[in-house]
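Novice: Just to be clear, the model below is a prediction. Sequence and coordinates:
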Amino acid sequence: MRVHFTVNGRPQEADDVWEGESLLYVLRERLGLPGSKNACEQGECGSCTVRLDGVPVCACLVAAGQAEGREVVTVEGLAEYAGQRSGDGPPRAGGTHSQAGEDTRLAPVQQAFVDAGAVQCGFCTPGLLVAADELLERNPMPADADIREALSGNLCRCTGYEKIMDAVRLAAARQSEGT
Amino acid sequence: MGSRGTAGLPANITHLTQGARTRGGIGESTLRPDGTLKVTGEFAYSSDMWHEDMLWGQILRSPVAHAEIVSIDTAEALAVPGVYAVMTYDDLPTDVRHYGLEIQDTPVLAHGRVRHHGEPVAIVAADHPETARRAAARIRVGYRELPVITDEASATAPDAVLLHEDRTDHHAAHVPHPNILHRQPIVRGDVAEARRRADFVVEGEYVFGMQDQAFLGPESGLAVPAEDGGVDLYIATQWLHSDLRQIAPVLGLPPEKVRMTLAGVGGAFGGREDLSMQIHACLLALRTGKPIKIVYNRFESFFGHVHRHPATLRYEHGATRDGRLTHVKARIVLDGGAYASASPAVVGNASSLGVGPYVVDDVDIEALALYTNNPPCGAMRGFGAVQACFAYEAQMDRLADAVGMDRVEFRQLNAMSQGSVMPTGQVVDSPAPVAELLRRVKAMPLPPERQWESSEGVDVRQLPGGLSNTTHGEGVVRGIGYAVGIKNVGFSEGFDDYSTARVRMEVVGGEPVATVHTAMAEVGQGGVTVHAQIARTELGVTRVTIQPADTRVGSAGSTSASRQTYVTGGAVKHACELVRERVLELGRRKFGPYHPAWATAGLLLEGGKVVTDAGEALADLADVLGDEAVEIEREWRHRPTEPFDPRTGQGRGHVQYSFAAHRAVVEVDTELGLVKVIELACAQDVGKALNPLSVIGQIQGGTTQGLGIAVMEEIVVDPRTAKVRNPSFTDYLIPTILDTPTMPVDVLELADDHAPYGLRGIGEAPTLSSTPAVLAAIRDATGLELNRTPVRPEHLTGTDTGT
């Protein structure tokens, strides 16, 4: 079958899609967007979290056909998405907060993950970023318990989550300072 | 930092040491060089590899644990449209048809017999992963089931089927039964005599469940056939050169025709020491002439790598009335499963570290690993020391109670320190601040009582059961527990544990740039960050390029055993020092005649310049180097170790020791048997924190894996069929952010003078003491014995049915 949907603001089309393929497979293997990760492919780990019409979902549990005509945001489009939400262009890495990256557009939550040491192997990171960004969108000043609740569907095996907590707190604090 | 180049100077002159004036060097929390790529989704993991015209590989695995293969019929699978190849044992290209880390006992594809649930039997290549899966399901395999060996009793029964007949490996001659893979006694002093001095003797038997590494990035990679008949393999592994040594002979290719590049690795924790899909992908690529991608799903991943050994540990400890340990006697039985993997080395660790970080003169320990039909077990973070720590720390609590001492004070009284002698006879010749770590972790402030209450009422998210809303504090009891552990760093028992680094220095765009090339597997630990820091410190440059890890440079050894910062870090440091010497030599030749300091002063590289140790700048590195590039590749070795004596276990078997202590605070809903860990504090000696941010990340991550095996993680193997019951993240639970508490960390930096920068390998120690601390806290809360980990609700409510 042929599937059309919007990914990160751009219309996309995939041909010869087998009906059993997930949105995750089409993103990764047909559209060249492997940022959403395939850690469990059974909806338990959250590493493939994307926004589907704004709602965070596990892309592995969405049949590709279900995305027909809808809007998908992946980690690859997160900086632009967050930038549009804040009304100004996204910040650039390499500024005051970062030693890494050169002239790459990052969403505040992406920058905070780098700065706080929330990234180790990084395989959980894309899903966590999409989920954390969605949290900060609806709750700009989350309490720790709110952060834990919002991210409880995203497994991380490396960090023990402490630096992830730090990163979300940092992103919220920077957001409230307007930086 | 050392005081290189300063000998003989008067003490009142302030002199510089190499690296002191260069930003981004060791000791700073510089950020990961791959951080930005990882947050944008651009970092290419092994499962992200893609090639035009690539096919998908699929493995057919055994549905039973032990059987003869009577027949294999691939015709129907081959007839599926889109299928390019189906291969079985008979299609293997050479006589080398087995592989293994230490013992080559693992078939590339099963030959006449399968020995565990999930063993690879056949492989398929097709143009779509679903086509490959469906074709694999159409391969008809006839199995004649055999009785399963699942424990020590069935393995050593008089009529037991042998897992591996006609063993010729180097352990075969000294084991008491062919189904015992390796056995290591550690005997020191006279336990029978010491027992007579004991006023208190405590005996216990402990059971440790099978833990999975559960790295998030599944086993995956891409094999691309090359025009020269070789293959290019992009892969997630912990040790490229170990893979290469095992892959090339099976393919019948010389090593130089198997070119391996490290793809992005989504965690490892020991589970990528053994091969998974590497050979299968290469075989299919060479057979079809097309690139082959293989990606396991989570179900397959549970069968695709070895696990942490489940263990049964029997301990006897004695102490005098004044609280001194008299003796330790222990028997540790590890289930190695169907194939050897790293089991022999795990046995060496479990036995040699089996007493823990305590001074005991009279010791009789025996550790062994079985061959069974259970899933193969091998390396996982903590590697044999984890199981032992769970048991000896439970014993230490019970013994302290028997003596009538405070549990922490009892440990401190018996704690080893620098100069103590291990049960192997090895003297601990670097700091061993065991008592101090316990003091620090105990001194941390405790979280407030009834922390779930605030002025706004009860937050159920802070209670056992969480959002299930099972209690508002009724029946909730707090407990506190302590534990401390000892882990070795580096490969032990005489292994030639070297690393190689190639360092290049040249001028790019008018600026001196260092390039570091190693084959070190970056699996998330931050080795790439540290290599750049070392290069900045040693070469005084700002810009460092880290080359992708591949087999075009010499081996870096394994990203295992907490060894990479020590050994490959040591190799990078060593190569940088040689580059620095050669750069200074260049400078002396070019500029020596114009300034006497080139000949007389101690010279350093700082801030892109050659400076004297008094701080005078002599030349820009850009001018010294000009058009020349200085490049050096060298191997580097730590102090050698020696094997343990096969009968007594005596020997200087370990390179370095690493220590961590934990305090766990738990709250238990005693009615429902639900546990919430409220806080898990850790104190660890790291020697020197090359990157403090990464050090804390390692400690918190390791602590959390210890928490997992304490209260939730276990691969459940059916004792009647030896089949895995829970190969999914639905049924095998790892801690979520809701299960994981605040983890305050106190880092101690006592230099080990034998190690580069005084550093100590850190990755594993926090995984040891975390588990027994949580168990001790649950015992404290409930008063239950709890001799098994993980603890499940039924163990706390008295409703355990034994299944």
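Specialist: Sure thing, it's come through.
Novice: State the three-state secondary structure for the residue most central in space within chain A.
Specialist: Centroid-nearest residue in chain A, with C-alpha atoms, centre = their mean: A:Val130, separated by 2.4 Å. Classification of A:Val130 using DSSP: H, G, I helix; E, B strand; the rest coil returns helix.
Novice: is chain B contacted by the lowest-mean-pLDDT helix or strand in chain A?
Specialist: None of the helices or strands of chain A scores lower by mean pLDDT, DSSP states H and E than helix A:78-86, at a mean of 93. Yes. Counting by C-beta under 8 Å from any C-beta of the partner chain, chain B has neighbours in helix A:78-86: A:Leu78, A:Ala79. Where C-beta positions appear, they are placed from N, C-alpha and C, glycine not excepted.
Novice: could you pull out the helices for chain A?
Specialist: Ranges of helices within chain A are A:23-25, A:78-86, A:108-116, A:125-138, A:144-150, A:162-177, based on DSSP state H.
Novice: Any chance of those helices in a markdown table with distance to B:Ser560 as columns?
Specialist: Shown next, in a markdown table, are these (distance: least, C-beta to C-beta, whole Å):
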| stretch | distance to B:Ser560 |
| --- | --- |
| helix A:23-25 | 31 |
| helix A:78-86 | 34 |
| helix A:108-116 | 27 |
| helix A:125-138 | 23 |
| helix A:144-150 | 32 |
| helix A:162-177 | 23 |
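Novice: Give me every residue in the stretch 401-550 of chain B lying close to chain A.
Specialist: B:Asp459, B:Arg461, B:Gln462, B:Leu467, B:Val523, B:Gly524, B:Gln525, B:Gly526.
Novice: show me what contacts the closest residue to chain B within chain A?
Specialist: With C-beta to the nearest C-beta as the measure, A:Gly35 is the residue of chain A nearest to chain B, at 2.1 Å. By C-beta atoms under 8 Å, 6 or more residues apart in numbering or on different chains, the residues touching A:Gly35 are A:Thr74, A:Val75, A:Glu76, A:Pro126, B:Thr40, B:Gly41, B:Glu42.
Novice: Would you pull up the residue in chain B closest to chain A?
Specialist: B:Gly41 (2.1 Å).
Novice: May I have the residues that are in contact with that residue?
Specialist: So B:Gly41 contacts A:Leu33, A:Pro34, A:Gly35, A:Ser36, A:Thr74, A:Val75, A:Glu76, A:Pro126 (C-beta under 8 Å, 6+ apart).
Novice: centre of the chain versus the least confident helix or strand of chain A, how much separation?
Specialist: Remark: helix A:78-86 is offset 11 Å from the chain centroid, using C-alpha atoms, centre = their mean, to the nearest Å.
Novice: Can you list the low-confidence ranges for chain A?
Specialist: Scanning chain A for pLDDT under 70 picks out A:88-103, A:179.
Novice: nope, the stretch 301-450 of chain B is what I was after
Specialist: In the stretch 301-450 of chain B, no residues with pLDDT under 70.
Novice: The residue lying closest to the residue nearest to the centre of chain A once chain neighbours are set aside bridge partners, please.
Specialist: Ranked by C-beta to C-beta, 6 or more residues apart in numbering or on different chains and with sequence neighbours excluded, the top spatial neighbour of A:Val130 is A:Thr49, at 4.5 Å. Counting by DSSP bridges, A:Thr49 is bridged to A:Cys58.
Novice: Can you name the residues that contact A:Thr49?
Specialist: Applying C-beta under 8 Å, 6+ apart, the residues contacting A:Thr49 are A:Ser36, A:Pro56, A:Val57, A:Cys58, A:Ala59, A:Pro126, A:Gly127, A:Leu128, A:Val130, A:Ala131, A:Gly153, A:Asn154.
Novice: for B:Met210, what are its contacts?
Specialist: Residues near B:Met210 by C-beta under 8 Å, 6+ apart: B:His307, B:Arg308, B:His309, B:Pro310, B:Asp335, B:Asn374, B:Pro375, B:Cys377, B:Glu714, B:Ile715, B:Val717.
Novice: my guess is the second one contacts B:Pro375, does it?
Specialist: No. Proximity of B:Arg308 to B:Pro375 does not meet the contact threshold set by C-beta atoms under 8 Å, at 10.7 Å.
Novice: And the nearest residue to A:Arg28 once chain neighbours are set aside, how far from B:Asp151?
Specialist: In space, and not counting its chain neighbours, A:Arg28 is closest to A:Pro34: 4.6 Å by C-beta to C-beta, 6+ apart. Applying C-beta to C-beta, to the nearest Å, the value for A:Pro34 to B:Asp151 is 43 Å.
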